[in-house]
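> Sharing a model prediction with you, sequence too.
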Amino acid sequence: MARLNVSIGGLSLKNPVLTASGTFGFGEEFADFIDLEKLGGFIVKGTTLEPRQGNPYPRMVETPSGMLNAVGLQNKGVDYFIENIYPRLSHLDTNVIVNVSGANVADYVEVCRRLAPLERIPAVEINISCPNVKQGGMAFGTTTTGAAEVTRAVRDAFPRTVIVKLSPNVTSIADIAKAVEAEGADSVSLINTIMGMSIDVERQRPHLSTITGGLSGAAVRPVAVRMVWQVAHAVKIPVVGLGGIMNGRDAVEFMLAGARAIQVGTANFVDPAVTVKIIDYINDYCERHGVSDVNDIVGLI
């Protein structure tokens with residue numbers, strides 16, 4: 001059996017398979033299908049300072065080889081997570097990572113400050129695709145200055161591993177990655193969803209209440225692989241790859257492109273046991289190719 005352990009900054013994973021925020025709930029929802037402790041870790045749904053109701057329905061629609069969503073970060077807020085969810089997850093022998101979102105820098109900082117005392121939360125993933133309400137709704141992650149500002153503030157507020165999740169809706173994702181690396185990010189994860197739109201031609205209206213939404217699923221994978229490859233060559237910190245990983249072969253493709261670990265998202269809706277199947281595939285792949293340590297396949301391209 002190959003050695004599957006990988007490290008993301010100071011975060012040690014028993015294998016490189018994580019789940020993507022927003023596709024795995026709080027992990028408990030999948031406990032009837034898989035042993036959560038077999039995962040390298042899982043990332044809980046986006047968490048904000050105050051509770052959010054999310055966007056009006058309809059807010060999800062299937063598209064060719066993918067899906068569009070505009071859920072709008074529906075969650076009950078960080079205090080609810082701390083008081084009600086964390087106690088139920090803290091015993092698990094795996095990494096529970098919190099995805100953090102905010103409308104301004106102060107929101108990100110305060111959420112991270114409240115999470116910092118939770119010893120069983122070894123890392124946060126900072127979603128910089130959120131709209132900055134103080135800058136007319138422009139996402140933090142679309143400019144190097146915005147991305148750097150959030151990263152710098154969060155780095156001071158959270159003492160353990162900080163992963164910054166990058167938006168693909170930019171001119172140069174490598175420049176954004178370098179900006180957050182310079183401000184202390186331990187890792188970057190990419191890609192977040194690609195902006196898309198779908199229209200019901202019979203009703204002559206958009207399928208989503210918000211008109212546009214985030215495209216995920218197999219349709220985005222070639223774009224995601226390309227961006228992971230670009231970023232892996234631009235920064236020295238570990239890269240976590242995601243975007244359309246539907247099976248083990250897809251996961252290995254991301255690792256060859258430079259991803260130290262991967263996240264499984266939309267595929268969880270198709271097969272709730274896909275993550276453990278991907279772990280088995282990665283091990284089998286390494287054995288077939290005579291690889292004793294999975295880290296040896298990272299960035300071969």
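Arrived safely, thanks for sending.
> what about the strands in the stretch 201-301 of the chain?
205-206, 212-216, 239-241, 261-264 (DSSP state E, counting those that start in this stretch).
> In contact with N127, which residues?
By C-beta atoms under 8 Å, 6 or more residues apart in numbering, the contact set of N127 is 21, 46, 99-101, 165, 192. Quick note: C-beta positions are derived from backbone N, CA and C, even for glycine.
> Can you tell me, leaving aside adjacent residues, what's nearest to it?
Leaving aside its sequence neighbours, N127 sits nearest to S101 (C-beta to C-beta, 6 or more residues apart in numbering; 4.6 Å).
> ok, that neighbour touching K45?
No. If you go by C-beta atoms under 8 Å, S101 and K45 don't touch, sitting 9.8 Å apart.
> which of these two has more neighbours?
S101 (25 against 22; other C-beta atoms under 10 Å).
> Now do the more buried one against F42, distance only.
Applying C-beta to C-beta, to the nearest Å, the value for S101 to F42 is 17 Å.
> go on, V231?
23 Å.
> so what's the backbone phi/psi at M60?
phi -140, psi 140 (degrees, to the nearest 10).
> Enumerate the beta-bridge partners assigned to the nearest residue to it once chain neighbours are set aside.
Of all residues not flanking M60 in the chain, N69 sits nearest, at 4.8 Å (C-beta to C-beta, 6+ apart). Note on N69: beta-bridge partners M60, G214, judged by DSSP bridges.
> Might you list the low-confidence residue ranges for the stretch 101-250 of the chain?
Along the stretch 101-250 of the chain, segments meeting pLDDT under 70 span 131-138.
> any idea where the helices of it begin and end?
For the stretch 101-250 of the chain, the helices defined by DSSP state H, counting those that start in this stretch occupy 105-115, 144-157, 173-182, 221-232, 248-257.
> Specify the stretch among those helices that is closest to I297.
Closest approach to I297 among the helices of the stretch 101-250 of the chain is made by helix 248-257 (5.5 Å; C-beta to C-beta).
> Report the angle between the closest one and helix 221-232.
30 degrees (axes from the mean of the first three to the mean of the last three C-alpha atoms, to 10 degrees).
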